[in-house]
Each structure stands twice: as C-alpha cells, then as structure tokens.
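Student: coordinates only, sequence not included:
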Ligand code: 13P
C-alpha cells in the first residue's frame, strides 16, 4: 500500500493573526494540493483556527488543533473540546506532543482518553511519541517508545481496532527545536519499530496504512533524505513551518 506523504506544520504558540493568515495564504497560493501527491496540514493556535479555516477554503489544506480536552463538554475552565475544534474547521488534532507531556504533565493515560474522545467525534488524532536524550543514551529508546504506544493507545489496543487514517509521529525530544536532527537511519530504525508494533497489535492492513511522521528540526535541507526512508511518511515541523518559504520548500521536498 502506498501512503500519501503528510507534511504538517505545528505552529505552537507563535505568530499573530495577520502573520498566520499571510502564512496560510502563501501556502495556498503555492500549492494545488489536488495535483500534488502530498497532504498538507497546519496546526495553528486555537484563536486563529476559524480565520485560518476561512482562508484555507477549499484548497485541501488540512487543519489540526494542537491539543484538546478528553471530555466533550463541562466545567473545564480554559479547555477546548474535540467538537469545538471540529466546529471551527479542524479535521485533525495533535495529541501527546512532548511539550504537553513534559511542560504540562500530560501522562499516557490522559493521552489515551484524548485519543478516544477525538475518535468519538471523528477527529483524526496525530499521536506523538519520542524519547529524551538521557533515555537514548541509556539504550532505552525502544522501551520508551513501546511503553508510550502501549499506554497512550490502550483503548484502541483493547478494542483491537485503529482507524487507518490515524497518524503517529516520532519526535525524539532531543531533536525538537535544537537543530539536532535524528539521522535518517536513526529515525527509520524507530519508525520501523513503530510499524512492527502496529502490525503486532492491529494487523498488516493497519500497519501499512497508518502514516508515521518524523518531527525534530526538519528543514528544507534535510527533508528529502528523511522522507526517502521506507517508514517515514511525512514530517511534523515546528520552527521551519512558521515561514512560508521554508515550509513550502519542505512541501516540495520531492521536486
Ligand atoms: P522543530 O521543527 O522546531 O524542531 O519542532 C518539531 C516539533 O515539535 C513539531 O511538533
């Protein structure tokens, strides 16, 4: 099965409204997604989603929330539900990003509940996993990734069912925002491990359909080499997604 590459920009807590709209207009002007064999997604801060969705219009650019709550409504001051994301134009949501895990105390159990809630509302989860430098240096990378997958996708595992549109992202913590990219071989090794885990838990069809993105200092200069790896199906990009020029170059990594 061929997996359509997905190039996704995680804007994190950056840009003002004007910059956000300028950026998405530039992306829209440059690509005709229907003609390119790559899917393009942006994950703006919550407050810009509606306006970005209006700007994106029918261009095919996908929109994701950067986080959401596990419940569908209720007394959760400051939180956003899956339905609210969908209602403003999102089709996807990033869950379990290492910044959520490390800075905001998100556990695998919380992420598991969020994945369940996203799927209940028909939002596609982009579930992130990744090891720290210390864990890598101690030779624990595969154990950490396996534990994160087992626990943050526990509900799906129990039901032995994962929608084929689900997206996973391998983001080694030591490569995020540091300028240090995992080598294509280092990334491929973990992506292959994740695909084997998918195969074991959900069978060969799901293993061959689910896209696994790499994230961590992806730039125009390293995108093509990373993307040439067999099990790397796209990129989740932070810093380089904030400038039209670099993000568009990554979208065109194959040209
Ligand atoms: P950078 O591309 O800035 O390293 O960020 C990666 C990331 O965290 C994307 O979610």
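Tutor: Noted; the coordinates are in hand. Please read all numbers here as calculations on a predicted model, not as lab measurements.
Student: report pLDDT for residue 255.
Tutor: You'll see residue 255 listed with a pLDDT of 85.
Student: so residue 60 versus residue 42, what's the distance?
Tutor: 12 Å (C-beta to C-beta, to the nearest Å). C-beta here means a position set from N, CA and C on the backbone, and glycine is covered the same way.
Student: for stretch 239-247, the distance to its chain's centre please.
Tutor: 16 Å (C-alpha atoms, centre = their mean, to the nearest Å).
Student: tell me if it is near the ligand.
Tutor: Yes: contact of stretch 239-247 with the ligand (C-beta under 6 Å from any ligand atom) involves 239-240.
Student: now swap in stretch 13-27 and tell me
Tutor: No: residues of stretch 13-27 contacting the ligand under C-beta under 6 Å from any ligand atom: none, with a closest distance of 10.0 Å.
Student: can you give me the buried ones in that stretch?
Tutor: Buried residues in stretch 13-27, defined by neighbour count with 16 or more other C-beta atoms under 10 Å: 15, 20-21, 23-24, 27.
Student: same deal with stretch 84-95?
Tutor: For stretch 84-95, by 16+ other C-beta under 10 Å, it's 84-86, 88-95.
Student: would you list every one of the strands in the chain?
Tutor: 6-10, 39-43, 62-65, 92-95, 124-129, 167-170, 211-215, 234-237 (DSSP state E).
Student: for the ones you listed, could you give me CSV that also reports distance to residue 79?
Tutor: Conversion of the strands of the chain to CSV gives the following (distance: least, C-beta to C-beta, whole Å):
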stretch, distance to residue 79
strand 6-10, 19
strand 39-43, 17
strand 62-65, 11
strand 92-95, 13
strand 124-129, 17
strand 167-170, 22
strand 211-215, 24
strand 234-237, 23
